[in-house]
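K.L.:
here is a sequence together with a model predicted from it:
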Amino acid sequence: MSDVSVASVIETVLPDDGKRESLWVWLLISAMLLLGALGIWLRQEVVPERTHVSLNPVQSQQLMALSIAREEILFLAEKPWPAPESLEQLGLDLFASSASQDWHQPGDDCYQWISRQHDGDFLLRISDGVIFYHPGEAGLLSSCTPDEHWTLMEN
């Protein structure tokens, strides 16, 4: 046998204290957080500007009356929806002739409230319950889809 000195071979063993694993875990967590933040930042959508319409008390009352009238029309009548004069005969006082407003039915599914004082007009669509508002004089509509000058009123 050969004489090999045991003292001449020294091997250094690093302690298994988890320092390297902790470093890799923190790097992985940081990378995931950065990628998530980048994804959120890239997928942001521009929020459309909402227009605020301030109605006077009379117009607010008209808006409320129109939303109630829609429910009454659905309860009292059937398609095809009757003309405004027929709704008055069914007992809907809102559709009665008066000195302050006129009614126009631009389509089978909607009614236009026309203010004679040019305070603003409303458009009520029966099928989807949508009410639009136009400040000032709007003129008679030819369809139930108003142009961009009308504002959708959210109930």
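P.N.:
Good, I have the coordinates. Numbering: from 1, shown residues only.

K.L.:
going forward, measure contacts and count neighbours with C-alpha atoms only.
P.N.:
Noted.

K.L.:
show me what contacts residue 76?
P.N.:
Residue 76 is in contact with residue 90, counting by Cα atoms under 8 Å, 6 or more residues apart in numbering.

K.L.:
ramachandran angles for it?
P.N.:
phi -90, psi -30 (degrees, to the nearest 10).

K.L.:
same thing with residue 103?
P.N.:
According to degrees, to the nearest 10, residue 103 has phi -120, psi 140.

K.L.:
endpoint to endpoint, stretch 116-135 covers what distance?
P.N.:
13 Å (Cα to Cα, to the nearest Å).

K.L.:
which residues touch it?
P.N.:
By Cα under 8 Å, 6+ apart, stretch 116-135 touches 59, 63, 66-67, 70, 74, 99-102, 109-115, 136-138, 144, 149-154.

K.L.:
emit the ChimeraX select command for whichever of the residues you listed are buried.
P.N.:
Remark: buried members of the contacts of stretch 116-135, expressed as a ChimeraX selection using 16 or more other Cα atoms under 10 Å:
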select :59,63,66,67,70,101,102,109,110,111,112,113,114,115,138,144,150,151,152
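
K.L.:
the contacts of stretch 116-135 in strands, which ones?
P.N.:
101-102, 110-115, 151-153 (DSSP state E).

K.L.:
want to try a markdown table for these, with pLDDT and distance to residue 83 as columns?
P.N.:
Listed next are those as a markdown table, based on pLDDT from 0 to 100; distance: Cα to Cα, whole Å:
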| residue | pLDDT | distance to residue 83 |
| --- | --- | --- |
| 101 | 86 | 15 |
| 102 | 88 | 12 |
| 110 | 92 | 10 |
| 111 | 93 | 9 |
| 112 | 92 | 11 |
| 113 | 90 | 13 |
| 114 | 90 | 15 |
| 115 | 87 | 18 |
| 151 | 87 | 24 |
| 152 | 87 | 23 |
| 153 | 85 | 23 |
